[in-house]
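Trainee: sequence-free structure coming up:
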């Protein structure tokens, strides 16, 4: 199911034994466009510490109850490595996190989740989790001490969108698949850039680059292409018919055909 990332904000995280807290935002990676963690405010039971919950542990999302069910216990989360969400999260910290829970390294492999397209845990037979050795990790750290690839959904919301010829809007939200946890689209609001503006979707694989210093997202599309694309009504469910019209407008191959 495709959903706005913001729709998860405030959802309860239900562990196997008790509630863990509320979803505040998500972290996604700027290479493969996957939602890598839900950032959860734990409240008083853990001194209001923020923790990261990986899609590897998500069993399902209940929209009626506004709850995300996870296959974790409170003790597991309580004893997990502390990660300061006010600081950039490096690959070194992510490795500690994934080793603690026994997950594979999603970046070690050719697919969205390393060995596959879904965050399956444990890995299916014949798809053993790929982990970096201590030597490989040390070499990576020496070459790039930061090695930061995670981005905050709250931080990137509001970034300006520019086509090949001019600016056209700003990022309002993200559309993700809550099975693969791939971010499929950026929801772009163009109404402040031209009279009669509207909301449109841009597929993440149409993004050329992101300038984190200038808070700018660049695409390989022209301003007129974006301006004339099918309008997105965020009060309606996103269906395949709209997606098909969107890709046909841009003359691009759809992700579900790949």
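Mentor: Arrived safely, thanks for sending. Since we're looking at a predicted model, the values are computed, not measured.
Trainee: residues in contact with the helix or strand harbouring residue 241?
Mentor: Following DSSP states H and E, one finds residue 241 within helix 240-250. Outside helix 240-250, the residues that touch it by C-beta atoms under 8 Å, 6 or more residues apart in numbering are 201, 203, 206, 221, 225, 228, 229, 230, 232, 253, 254, 256. Any C-beta I mention is one placed from the backbone N, CA and C, and that applies to glycine too.
Trainee: in space, what's closest to the second one - neighbours in sequence excluded?
Mentor: Counting by C-beta to C-beta, 6 or more residues apart in numbering, residue 203 lies nearest to residue 185, which is 5.6 Å off, once chain neighbours are set aside.
Trainee: ok, now the first one?
Mentor: In this structure, residue 201 finds its nearest non-sequential neighbour in residue 185, 4.1 Å apart by C-beta to C-beta, 6+ apart.
Trainee: after the host helix or strand of the one you found, next one along is what?
Mentor: Secondary structure from DSSP H and E places residue 185 in strand 183-189. Reading on from strand 183-189 to the C-terminus, the next helix or strand found by DSSP H and E is strand 199-203.
Trainee: what packs against the helix or strand just after that following strand?
Mentor: Next in sequence after strand 199-203, counting helices and strands by DSSP H and E, comes strand 207-211. Helices and strands touching strand 207-211, by 3 or more C-beta pairs under 8 Å, 6 or more residues apart in numbering; DSSP states H and E, are strand 216-219.
Trainee: rewinding a little: tell me the average confidence for the strand holding residue 185?
Mentor: The predicted model assigns strand 183-189 a mean pLDDT of 97.
Trainee: partners of it in the sheet?
Mentor: Here strand 183-189 is paired, per DSSP bridges, with strand 167-177 (antiparallel), strand 199-203 (antiparallel).
Trainee: secondary structure class for residue 26?
Mentor: strand (DSSP: H, G, I helix; E, B strand; the rest coil).
Trainee: surely it and residue 8 touch.
Mentor: Yes: with contact defined as C-beta atoms under 8 Å, residue 26 and residue 8 form a contacting pair (7.1 Å).
Trainee: of those two, which one has the most company?
Mentor: It is residue 26, of residue 26 and residue 8, that has more neighbours when counted by other C-beta atoms under 10 Å, with 26 against 23.
Trainee: still on that earlier bit, mind checking how far the residue nearest to residue 203 is from residue 197?
Mentor: 17 Å (C-beta to C-beta, to the nearest Å).
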